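**Q** Next one to model:
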Amino acid sequence: MPKPLEFWFEFASTYSYPAAMRIEEACADAGVPLIWRSFLLGPIFGAQGMTTSPFNMFPVKGAYMWRDMERICEESDIGFVKPSSFPRGSILAARIAARHGASDWIGPFVRAVYTANFSDNRDIGDDAVIGAILEEIGLEPAAILAETLSPEGKAVLRKNTDEAQVRGLFGAPTLMVGDELFWGHDRLEQAIDWALRD
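**A** A predicted model of the protein is given here:
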């Protein structure tokens, strides 16, 4: 029986974008259960002594990443526009995804937020933009936001981020099958194959 695949993602993460756009369909095609795990990279980077994205800290690496993203998105036939702000804040979207990770609408929500950030250059750090995205995918924002912003709702994202640190995550996207860690969007097929092992 296939083992579940945990998809650990951060909305500000560039390489999480192409992974998020195809992971649900890829897992469904393979019969692998998918678990969505939203977390924050800030505390992960902070524990490593970084105050911002390594792509900002090392300009040569950043320039490569932006060109690489153009190639990946073109090959994947998904839109791409370099965000006017990077990394862009996304705590409300992250909280929604963490609190509602098991909801049947989580895939469309995650893809819509990534598209807003990396294809449409919308400010996903703006609560009004996230509310609009919820409406655009046919949901009622008020009830979702009320539950997400409750103390219990906020605690889920903190718990996910703490768990990510304990389990040794150092970037996003990270794919976990049990304790086996695969880092990067280009490891998706490898992670699925691992989940299918007896």
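**Q** low-confidence ranges in the protein?
**A** Within the chain, the ranges that satisfy pLDDT under 70 run 50, 56.
**Q** swap the cut-off to 90 and go again
**A** Counting by pLDDT under 90, the chain shows low-confidence ranges at 1, 42-59, 62, 198.
**Q** other SSEs contacting the longest helix along it?
**A** Assignment by DSSP state H gives helix 59-76 as the longest helix of the chain. Where contact means 3 or more Cβ pairs under 8 Å, 6 or more residues apart in numbering; DSSP states H and E, helix 59-76 is packed against helix 16-30, helix 54-57. Bear in mind the C-beta positions are built from the backbone N, C-alpha and C, glycine included.
**Q** Run through who's touching that helix.
**A** Residues from elsewhere that reach helix 59-76 (Cβ atoms under 8 Å, 6 or more residues apart in numbering): 14-15, 17-18, 21-22, 53-56, 79-80, 82, 118, 185.
**Q** The same query, at a cut-off of 7 Å, please.
**A** 14, 18, 21-22, 54-56, 79-80, 82 (Cβ atoms under 7 Å, 6 or more residues apart in numbering).
**Q** Please compute how far whichever helix or strand comes after it lies from its chain's middle.
**A** Using DSSP states H and E, the next helix or strand after helix 59-76 towards the C-terminus is helix 91-99. Computed by Cα atoms, centre = their mean, to the nearest Å, the chain-centroid distance of helix 91-99 equals 10 Å.
**Q** Stretch 87-103 now?
**A** Using Cα atoms, centre = their mean, the offset of stretch 87-103 from its chain centre is 9 Å.
**Q** so the longest helix of the chain versus helix 16-30, what angle?
**A** 40 degrees (axes from the mean of the first three to the mean of the last three Cα atoms, to 10 degrees).
**Q** So which of the contacts of helix 59-76 is surrounded by the most neighbours?
**A** With neighbours set by other Cβ atoms under 10 Å, the maximum within the contacts of helix 59-76 is found at residue 14, which has 27 neighbours.
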